[in-house]
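Q: Structure for this input, please:
(chains A and B)
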Protein chains: 2
Amino acid sequence: MSKKILIVGLGLIGGSYAMGLKKKGYEVYAIARRQDSIDYAIKNEIIDGGQTDVTKELVSSFDRVVISVYPKVLLSWLEEYKDFFKEGTIITDVTGIKCEVVYKIQDMLPSGVEFIGAHPMAGREVYGVENANDAIFKNANYIVTPTDKNTAEAIDFAKEIGALLEFKNISILSPEEHDRMIAFLSQLTHCIAVSLMTCKDNTHLHEYTGDSFRDLTRIANINENMWSELFLMNKDVLVKEMDCFLDEFKNLRDLINNEDVEAIKDKMRLSSTRRSYFNKKA
Amino acid sequence: MSKKILIVGLGLIGGSYAMGLKKKGYEVYAIARRQDSIDYAIKNEIIDGGQTDVTKELVSSFDRVVISVYPKVLLSWLEEYKDFFKEGTIITDVTGIKCEVVYKIQDMLPSGVEFIGAHPMAGREVYGVENANDAIFKNANYIVTPTDKNTAEAIDFAKEIGALLEFKNISILSPEEHDRMIAFLSQLTHCIAVSLMTCKDNTHLHEYTGDSFRDLTRIANINENMWSELFLMNKDVLVKEMDCFLDEFKNLRDLINNEDVEAIKDKMRLSSTRRSYFNKKA
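A: Numbers count the residues shown, from 1 in each chain, chains lettered A, B, ... in the order given. Have a look, this model is predicted:
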C-alpha cells in the first residue's frame, strides 16, 4: 500500500483526516482553496506540503486521494480535473449523501481511475483546518458504500482509512441503504431541530432551558450551505422520512387532545424500549 | 426560619432535596410509601427519620413541608390530609405543571396553611431514593410560581429552598407563564423524542447512530405514568405548542419538496442565530 496520499479540501474533516493519517506514517499533501489553510497545516505539522493550484503534475503523482469538500463541489471538481489522475488511482470522499454522488462519479471517471464512497459520521459545529482534530473520529461510525463497479482493492483502501483514523465502527452499506439510514438518523433530526428554533421566537426562554431542549437543538446551529445541499440531494428519501414522523407526531397530538391515556402510555413504553438499544455502550 | 422540614415522597427528587437540605443543617424527616426507602435514607444519612404512616401527630409537628410526588397524588394526598397541618405551615412542591395544581390546592387548604408552587427543573432517567444526588440541582433552573394569594414569607421560603439546594437560576413566574414555558421547552421536546422512536422500527439503526439522534432521543426513555399526567394536566397549552411545531415542520417539508433553496437557507440561518442564545455559559 502506498504511504503517500493527497487530500483535496482542508476544512475540519479534511484537516482531521490529514492529521490522523500523518500520525500513522502517511506522507500527506493537500490541495486547498486558501493559502492560509496550507500554511497553517504545514506549520502545525498536519500536512507535509500543499498548494492552492490544481495541476496535473501534482494530482498525477498520487495513486490514493481523499476528496473532502461539499457534495456539489465534489462533483464539479472531479468533472473538471478527472483527466489529471493517473491509471490505478483510487479516490474516496467524505460526503454525507451517497446515491447522488457515487453513481455520477463512477460514470464520469476515466477507466482505470476508481471511486469508492465513504462517510465518516463525525463533525463539529466549528469549521476549518484550524479546528482539525482527529480525536473526533474515535467514538464515531465510518461507512463504506461500494457499488458493483468497485474492486476489492478499493473497498479495502476505504476500510483501511477508517481503521487508521480509529473509527469505532466500520460498516459496509449500499449507497441506497446509506441514504435511507442517514435521512432518518441525521437529516430528519436536523429538520426537527431547525423547526423547533424557527417555529416561534423562543430566545427569551433561554434562562429556563433544561438539558432536554438544549440537547434537541444542539444541531440547530447548522451550516446552511452544506446542509441545504445534503437535504436536496437526498430529497425523495428525506421527504418520506419527514412524512413518517409527521404522521406519528400528529397521531400523538390527537391522542393527547382526546385524553387517550392508555394509548399515550403505550407509545411511551414502546419509545422507552426502543431507546434502550441506543444507549452508549460503556 | 425553622430548621426542621418534612418531605413527603422519597423518590429521586424528594431524596435529593433531603440530601441537600440535611447538608445545609436542616433536620429532615420523610413520609414515604415504602419502608425500604425510609431505611435506605436513614442508613445513608439522607434523612434524620421517617415513617410510612401519615399521622396528624407527625404532620402537625412541622411548619415547613415539601411534597415530592406525582401531580395527581399531590392533589389527592393534600385533599386527604389537609386538616393535619397546623396553622402557619408553608407547603411547597416539585411538580412540572402548575396551573392545575397550584389553584386547586390553594382553594382546598384550610386558612392559615399556605401553598407556594415551585418547580426544580432537574431530573434523571433513573428513579428512587437510591439514586438521590443533590448534585443534579447545581446546574439547573428552579422556578417559584406564586399567585396573588401568596405571602412574601412563603415566596421567600420557596426561594430559600432553591438557594440552599444551590440551583443555578432561581426565577419567579406566574403559574400560567410557567406552564406555557414548560409546554414548549420540555413537554413538546418529549413528544418529539417519543414520536421519533415510535414512528417506525429503527432499532436496527443503532450501530450507525451519531450524536445527533442520540441527543434528540435521550428523553425518549420516559416514565409513562408521570409524563402522561403532566401532558394531560397541561393539555390545552401543549396541543397549541404541538400545532405550532407541526405547522413549521410541514412548512420546512414543503420547502424541501419544492427545492426552495433560499428559503431553506433562511430557516437555517434563523435557527443558528436563535440557537446561539441557548449555548451554555462557561
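Q: Sort out which residues of the helix or strand encompassing residue A:58 are buried, please.
A: When secondary structure is defined using DSSP states H and E, the element that contains residue A:58 is helix A:56-59. By neighbour count, with 16 or more other Cβ atoms under 10 Å in any protein chain shown as the criterion, the buried positions of helix A:56-59 are A:58-59. All C-beta spots, glycine's among them, are computed from the backbone N, C-alpha and C.
Q: Packing partners of that helix?
A: Packing contacts for helix A:56-59, counted by 3 or more Cβ pairs under 8 Å, 6 or more residues apart in numbering or on different chains; DSSP states H and E, involve strand A:27-31.
Q: what's the average pLDDT for the strand it packs on?
A: Averaged across strand A:27-31, the pLDDT comes to 98.
Q: Repeat that for stretch A:39-48.
A: Averaged across stretch A:39-48, pLDDT comes to 97.
Q: What residues of it count as buried?
A: A:40-41, A:46-48.
Q: Adding distance to chain B and secondary structure, write the residues you listed out as TSV.
A: As requested, the buried residues of stretch A:39-48 are exported to TSV (distance: Cβ to the nearest Cβ, whole Å; DSSP: H, G, I helix; E, B strand; the rest coil):
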residue	distance to chain B	secondary structure
A:40	25	helix
A:41	26	helix
A:46	24	coil
A:47	27	coil
A:48	31	coil
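Q: check whether the lengthiest strand in chain A contacts chain B.
A: The longest strand of chain A (DSSP state E) is strand A:114-121. Yes - with Cβ under 8 Å from any Cβ of the partner chain as the threshold, strand A:114-121 lies in contact with chain B, specifically through residue A:121.
Q: Of the buried residues of stretch A:39-48, which is the nearest to residue A:124?
A: Using Cβ to Cβ, the shortest approach to residue A:124 within the buried residues of stretch A:39-48 belongs to residue A:46, at 16.0 Å.
Q: In this structure the closest one contacts residue A:23, no?
A: No - taking contact to mean Cβ atoms under 8 Å, the distance of 9.8 Å between residue A:46 and residue A:23 leaves them out of contact.
Q: What are the contacting residues of stretch A:212-230?
A: Under the criterion Cβ atoms under 8 Å, 6 or more residues apart in numbering or on different chains, residues A:70-72, A:95-97, A:125, A:127, A:187, A:189-190, A:192-194, A:196-197, A:205, B:185-186, B:189-190, B:192-193, B:212, B:215-216, B:218-219, B:261, B:264-265, B:268-269, B:271-272, B:274-276, B:278, B:280 lie in contact with stretch A:212-230.
Q: Buried ones from those residues, can you make that a PyMOL selection?
A: Selecting only the buried entries of the contacts of stretch A:212-230 in PyMOL, with 16+ other Cβ under 10 Å as the criterion:
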select buried, (chain A and resi 70+71+72+95+96+97+187+189+190+192+193+194+196+197+205) or (chain B and resi 185+186+189+190+192+193+212+215+216+218+219+261+264+265+268+271+272+274+275+278)
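Q: Narrow the contacts of stretch A:212-230 to those in helices?
A: Assigned to helices by DSSP state H, the following of the contacts of stretch A:212-230 qualify: A:71-72, A:189-190, A:192-194, A:196-197, B:189-190, B:192-193, B:212, B:215-216, B:261, B:264-265, B:268-269, B:271-272, B:274-275.
Q: Residue A:60 and residue A:106, how far apart?
A: Distance of residue A:60 to residue A:106, given as Cβ to Cβ, to the nearest Å: 20 Å.
Q: my bad, residue A:70
A: 19 Å.
Q: The closest residue to residue A:100 other than its chain neighbours: how many residues sit nearby?
A: Here the nearest residue to residue A:100 in space, its sequence neighbours aside, is residue A:233; by Cβ to Cβ, 6 or more residues apart in numbering or on different chains that works out to 4.2 Å. A total of 19 residues lie near residue A:233 under the criterion other Cβ atoms under 10 Å in any protein chain shown.
Q: Residue A:233 against residue A:98, yeah?
A: No - under the contact definition of Cβ under 8 Å, residue A:233 does not touch residue A:98, with a separation of 9.4 Å.
Q: Quick check: next helix or strand after the helix or strand bottoming out on mean pLDDT in chain A?
A: Within chain A, no helix or strand scores below helix A:211-217, which has a mean of 87 by mean pLDDT, DSSP states H and E. Tracing the chain past helix A:211-217, the next element assigned as helix or strand by DSSP H and E is helix A:224-233.
Q: and the helix or strand just after that next one, C-alpha only, in CSV?
A: Under the assignment DSSP H and E, the closest C-terminal helix or strand after helix A:224-233 is helix A:235-257. Presented in CSV, the C-alpha positions along helix A:235-257 are these (Å, rounded to 0.1, in the frame of the first residue of the first chain):
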residue,chain,number,x,y,z
LYS,A,235,-34.8,14.9,-1.2
ASP,A,236,-37.1,12.0,-2.0
VAL,A,237,-35.9,9.8,0.8
LEU,A,238,-35.9,12.7,3.3
VAL,A,239,-39.4,13.9,2.5
LYS,A,240,-40.6,10.3,3.0
GLU,A,241,-39.0,10.2,6.5
MET,A,242,-40.4,13.6,7.3
ASP,A,243,-43.9,12.4,6.4
CYS,A,244,-43.5,9.3,8.5
PHE,A,245,-42.5,11.4,11.5
LEU,A,246,-45.3,14.0,10.8
ASP,A,247,-48.0,11.3,10.8
GLU,A,248,-46.8,9.8,14.1
PHE,A,249,-46.4,13.2,15.7
LYS,A,250,-50.0,14.2,14.6
ASN,A,251,-51.2,10.9,16.0
LEU,A,252,-49.6,11.6,19.4
ARG,A,253,-51.1,15.1,19.3
ASP,A,254,-54.6,13.6,18.7
LEU,A,255,-54.1,11.1,21.5
ILE,A,256,-53.2,13.9,23.9
ASN,A,257,-56.1,16.0,22.7
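Q: can you pull the buried residues of helix A:235-257?
A: Buried residues in helix A:235-257, counted by 16+ other Cβ under 10 Å: A:235, A:237-239, A:241-242, A:244-246, A:248-249, A:252-253, A:255-256.
Q: so what's the closest residue to chain B within the stretch 51-200 of chain A closest to, chain neighbours aside?
A: When Cβ to the nearest Cβ is the measure, the stretch 51-200 of chain A has its nearest residue to chain B at residue A:199, with 3.6 Å between them. Nearest residue to residue A:199, sequence neighbours excluded (Cβ to Cβ, 6+ apart): residue B:248, at 3.6 Å.
Q: Looking at residue A:60 and residue A:106, which one has more neighbours?
A: Relative neighbour count places residue A:106 above the other of residue A:60 and residue A:106, with 17 against 14, counting by other Cβ under 10 Å.
Q: Surely that one forms part of a helix?
A: Yes - judged by DSSP: H, G, I helix; E, B strand; the rest coil, residue A:106 forms part of a helix.
Q: Could you check how far it is from residue A:71?
A: Distance of residue A:106 to residue A:71, given as Cβ to Cβ: 15 Å.
Q: burial of the residue of the stretch 51-200 of chain A closest to chain B, as a residue count?
A: Quick note: residue A:199 (other Cβ under 10 Å) scores 20 neighbours.
Q: was I right about residue A:154 contacting residue A:146?
A: Yes - contact status for residue A:154 versus residue A:146: in contact at 7.5 Å, counting by Cβ under 8 Å.
Q: List the residues that are in contact with both of these two.
A: For the pair residue A:154 and residue A:146, residues contacting each of them under the criterion Cβ under 8 Å, 6+ apart are residue A:116.
Q: give the contact list for residue A:181.
A: The neighbourhood of residue A:181, defined by Cβ under 8 Å, 6+ apart, consists of A:173, B:205, B:208.
Q: Just the closest of those residues to residue B:136, please.
A: Looking at those and their distance to residue B:136, the nearest is residue B:205, at 30.5 Å (Cβ to Cβ).
Q: Which pLDDT value goes with the closest one?
A: Reading off the per-residue confidence, residue B:205 sits at a pLDDT of 86.
Q: Kind regards, and thank you for your time.
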